[in-house]
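J.: Generate a structure from the sequence data that follows.
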Amino acid sequence: MPPTTSVPGKRKRGEGQWKLGYREPLNPNERTKKDDDGLNVRARIENIYAKGGFDSIDPADLRGRMRWWGLYTQRRPGIDGGRTAVLEPEELDDRYFMLRVRIDGGALTTEQLRAVGEISQDHARNTADVTDRQNIQYHWIQIEDMPAIWNKLEGLGLLTTEACGDTPRVILGSPVAGISADERIDPRPAIDTIIERYIGSPEFSNLPRKFKTAISWQQDVAHEVNDVSFIGVEHPEHGPGFDVWVGGGLSTNPKIAQRLGAWVPLDEVPDVWAGIVSVFRDYGYRRLRTRARIKFLVADWGVAEFRRVLEEEYLGKKMVDGPAPAIPESPIDHVGVHKQGDGRNYIGVAPASGRVSGSTLVALAKAAETAGSQRVRLTPQQKIVVLDVPDENVASLVAELATLGLQAEPSPWRRATMACTGIEFCKLAIVETKERAIRLVEDLELRLADVSPDVPISIHLNGCPNACARTQVADIGLKGQLVTDASGNQVEGFQVHLGGGLGLDAGFGRKLRGLKVTSAELGEYVERIVRRFVAQREDGERFAQWVTRAAEDDLK
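T.: Presented below is the predicted three-dimensional model:
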């Protein structure tokens, strides 16, 4: 029998599911994709737009298909957050682009890292941010420079293919895959196979919306909030393999992913991944853009029905039932000096909210090579990890990285603070976030110098409700919006979410009605909350647990 497509008594209209015959384009995005596959815009960029300049770009390519190659127009300077939602796209567009370099698993050689830094210096005004999707993100890119940028990146095996758009985006992977002393299976072959088979293929270049994947033996990739995740687990009969999670996501309708209850061996991960993406492509909701993520399909069907359709229609066999992986006692961010399985060391460092520069990346590549390393990894927490460092070079490399603003022993506030791009460059943002986060960390390092919370307290700043910085699963999540200050003026500020988390505290926390702070008050507010937590904390209690039981007045 065909799967249930809606909840009884609700949605009577078709949801735009291809498999059920709804093939007509049902919103402007679907019409644009039907007119021409986003992958085809590459040729126009190289042959027309790079030669004719910004004014030669077709609007449907500019605000749509270019995303299939990692390009978004950035926000025109001088437009305040109050105008974000009221201006037309062409009024928000600058003549420059943001560009994402797709770095699956966060894996870079030092040669690749140096090239990424040089592109920043030559073409992006020295901008480069490490994102929580393990990408490098540039700004100030001119369309005329794209052929040269692609030539340099692709000559070293790097891609911007499907870094954005309604596609399978970058695959999150453990920064310590293949070198961790705790790892039973290195998942990189599965990631490599998926990229080789499917990335850049028309088979999956027209999905209902973006599709986010994570594959790791460890729980260090925010698997609870991805569209699909494969997480390492030991099966009592079949040995090490992967537990499958589907339907996670944040933004304005957040959902924690659900387990399919299936165990998958390493060599079957690419096929199961392709089956899940195919279910999404064929049954995903295309009528309303706001309901086009796979999380809505999983929520409506339930995991049992989703697994049945996957097995019967796409895999042609039953998957093996499997156990859930044990949840780590604390978040894994790989910051600091750690032993590898081969006796060498990896060093995780914390840039300021992921903000680096091309110059920093070039210098990092040189420092890593001087210390005997040829490999660097980016993390889903906006951090950087240098692999393969011999014992005798650890201390000197840690000191060298600190001079670059990359701290291996950061304060707890620098270690656990993330921020999205914000109003500086993003057309959706309402408030500034990157520099605000950097200043907030500096403020907290002074305000809370006498406080040792003994547990990480994550602080995530987002410039709008879309939660690119995972605000809903932070201990202190700050969603940008305009607020009224004590003098009655509209100023930049944040709606506060408290007690969200992943792992042991997987969930979206507590949003108190009317709990908003201005950007200027942020340091004072966080200090007040942290001191109350430290004073009221029970033995071994985590921040999210305290938030659940705290009196409302203690959270203000």
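J.: Can you show me the strands along the stretch 301-450 of the chain?
T.: 320-321, 336-339, 345-349, 355-357, 375-378, 384-389, 417-419 (DSSP state E, counting those that start in this stretch).
J.: Quick check: mean pLDDT of the fourth one?
T.: Put plainly, it is strand 355-357. Mean per-residue pLDDT for strand 355-357: 98.
J.: could you measure residue 280 against residue 520, distance?
T.: 43 Å (CB to CB, to the nearest Å). Just so you know, the C-beta spots here come from the backbone N, C-alpha and C atoms, and that holds for glycine as well.
J.: More neighbours: which of those two?
T.: Between residue 280 and residue 520, counted using other CB atoms under 10 Å, the more crowded position is residue 280 (26 against 11).
J.: and that one, backbone torsions?
T.: phi -60, psi -40 (degrees, to the nearest 10).
J.: which one is it nearest to, not counting chain neighbours?
T.: residue 294 (4.6 Å; CB to CB, 6 or more residues apart in numbering).
J.: Next up, the contacts around the one you found.
T.: 208, 209, 211, 227, 228, 246, 247, 249, 279, 280, 284 (CB atoms under 8 Å, 6 or more residues apart in numbering).
J.: same check, this time on residue 462
T.: Taking CB under 8 Å, 6+ apart as the test, what residue 462 contacts is 419, 420, 433, 468, 469, 471, 477, 478, 479, 480.
J.: Tell me which residue is most central in the chain.
T.: With distances taken as CA atoms, centre = their mean, the residue of the chain nearest its centroid is residue 133 (3.2 Å).
J.: Can you tell me how far it is from residue 213?
T.: Relative to residue 213, and taking CB to CB, residue 133 is found at 10 Å.
J.: got any residues that touch both of those two?
T.: 169, 172.
J.: Residue ranges in the chain under the pLDDT threshold?
T.: 1-12 (pLDDT under 70).
J.: quick one: secondary structure of the residue located most distally from the centre of it?
T.: Most distant residue from the mean C-alpha position of the chain: residue 487, 37.1 Å away (CA atoms, centre = their mean). Following DSSP: H, G, I helix; E, B strand; the rest coil, we place residue 487 in the coil state.
J.: Need phi/psi at it.
T.: phi -90, psi 0.
J.: before we move on, what about residue 372?
T.: phi 100, psi 10.
J.: Who are the contact partners of it?
T.: Contact partners of residue 372, counting by CB under 8 Å, 6+ apart, are 388, 389, 390, 393.
J.: rerun that using 10 Å as the cut-off
T.: If a contact means CB atoms under 10 Å, 6 or more residues apart in numbering, then residue 372 has 344, 388, 389, 390, 392, 393, 397 as its contacts.
J.: Grab the nearest non-local neighbour of the fourth one.
T.: I take that to be residue 390. residue 372 (5.2 Å).
J.: just to revisit the earlier point, export the contacts of residue 462 to CSV and append columns for distance to residue 498 and neighbour count.
T.: Listed next are those as CSV, based on distance: CB to CB, whole Å; neighbours: other CB atoms under 10 Å:
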residue, distance to residue 498, neighbour count
419, 18, 31
420, 19, 29
433, 18, 31
468, 19, 23
469, 16, 31
471, 11, 32
477, 7, 29
478, 10, 30
479, 12, 24
480, 16, 29
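J.: Just give me the closest of the residues you listed to residue 21.
T.: Minimum distance to residue 21 across these is 34.8 Å, recorded for residue 468 (CB to CB).
J.: Run a quick neighbour tally on residue 256.
T.: 18.
J.: There's contact between it and residue 229 in this structure, I believe.
T.: No. Taking contacts as CB atoms under 10 Å, residue 256 lies outside contact range of residue 229: 11.3 Å.
J.: Return every residue with contacts to both of those two.
T.: 245, 248.
J.: about what we covered before: give me the three-state assignment for the residue nearest to the centre of the chain.
T.: Residue 133 is classified as coil under three-state DSSP.
J.: ok, it to residue 72 distance?
T.: 14 Å.
J.: Name all residues that sit in contact with the two at the same time.
T.: What both residue 133 and residue 72 touch, as defined by CB under 10 Å, 6+ apart, is the set 100, 163.
J.: I'd say residue 446 and residue 523 touch.
T.: Yes. Between residue 446 and residue 523 there is a contact under CB under 10 Å: 8.6 Å.
J.: Residue 411 contacts residue 448, correct?
T.: Yes. The pair residue 411 and residue 448 passes the contact test of CB under 10 Å, sitting 8.6 Å apart.
J.: Comparing those two, which residue is more hemmed in?
T.: For residue 411 versus residue 448, neighbours defined as other CB under 10 Å are more numerous around residue 448 (20 against 16).
J.: give the contact list for the more buried one.
T.: Contacts of residue 448 by CB under 10 Å, 6+ apart are 411, 412, 413, 457, 523, 526, 527, 530, 531, 534.
J.: Restricted to helices, list these.
T.: Among the contacts of residue 448, the ones falling in helices (DSSP state H) are 412, 413, 523, 526, 527, 530, 531, 534.
J.: Nearest spatial neighbour of the fifth one, chain-adjacent residues omitted?
T.: What it means is residue 527. Residue 527's closest residue in space is residue 447 (CB to CB, 6+ apart), at 4.4 Å.
J.: I'd like to know how many residues surround the one you found.
T.: 18.
J.: Please determine how far residue 210 is located from residue 204.
T.: Going from residue 210 to residue 204 by CB to CB gives 11 Å.
J.: Overlap in contacts, the two.
T.: 162, 166, 167, 168.
J.: I'd like the residues you listed written out as TSV, with distance to residue 139 added.
T.: As requested, those are exported to TSV (distance: CB to CB, whole Å):
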residue	distance to residue 139
162	20
166	23
167	22
168	24
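J.: can you tell me the helix or strand for residue 115?
T.: Here residue 115 is covered by helix 110-123, with elements defined by DSSP states H and E.
J.: Residue 446 and residue 523: which has the busier surroundings?
T.: residue 523 (19 against 9).
J.: who touches the more buried one in this structure?
T.: 439, 440, 441, 442, 443, 444, 446, 447, 448, 517 are the contacts of residue 523 under CB under 10 Å, 6+ apart.
J.: what's the spacing between it and residue 448?
T.: 9 Å.
J.: what does residue 119 give?
T.: In terms of CB to CB, residue 119 sits 38 Å off from residue 448.
J.: Would you map the helices across the stretch 401-550 of the chain?
T.: 412-415, 434-447, 522-536, 543-549 (DSSP state H, counting those that start in this stretch).
J.: Make a markdown table from these and add distance to residue 19 to it.
T.: Shown next, in a markdown table, are these (distance: least, CB to CB, whole Å):
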| stretch | distance to residue 19 |
| --- | --- |
| helix 412-415 | 46 |
| helix 434-447 | 42 |
| helix 522-536 | 48 |
| helix 543-549 | 40 |
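J.: quick one: which of those is nearest residue 55?
T.: Across the helices of the stretch 401-550 of the chain, residue 55 has its closest neighbour in helix 434-447 (29.9 Å, CB to CB).
J.: Give me the angle between that closest one and helix 522-536.
T.: Angle of helix 434-447 versus helix 522-536, following axes from the mean of the first three to the mean of the last three CA atoms, to 10 degrees, is 50 degrees.
J.: for helix 434-447, packing partners?
T.: Under the contact definition 3 or more CB pairs under 10 Å, 6 or more residues apart in numbering; DSSP states H and E, helix 434-447 sits against strand 355-357, helix 412-415, strand 417-419, strand 459-462, strand 476-484, helix 522-536.
J.: quick one: strands adjacent to the fourth one?
T.: So the one you mean is strand 459-462. Strands that pair with strand 459-462, judged by DSSP bridges, come out as strand 417-419 (parallel), strand 476-484 (parallel).
J.: how about those strands in JSON lines, adding distance to residue 51?
T.: Converted to JSON lines, the strands paired with strand 459-462 look like this (distance: least, CB to CB, whole Å):
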{"stretch": "strand 417-419", "distance to residue 51": "37"}
{"stretch": "strand 476-484", "distance to residue 51": "39"}
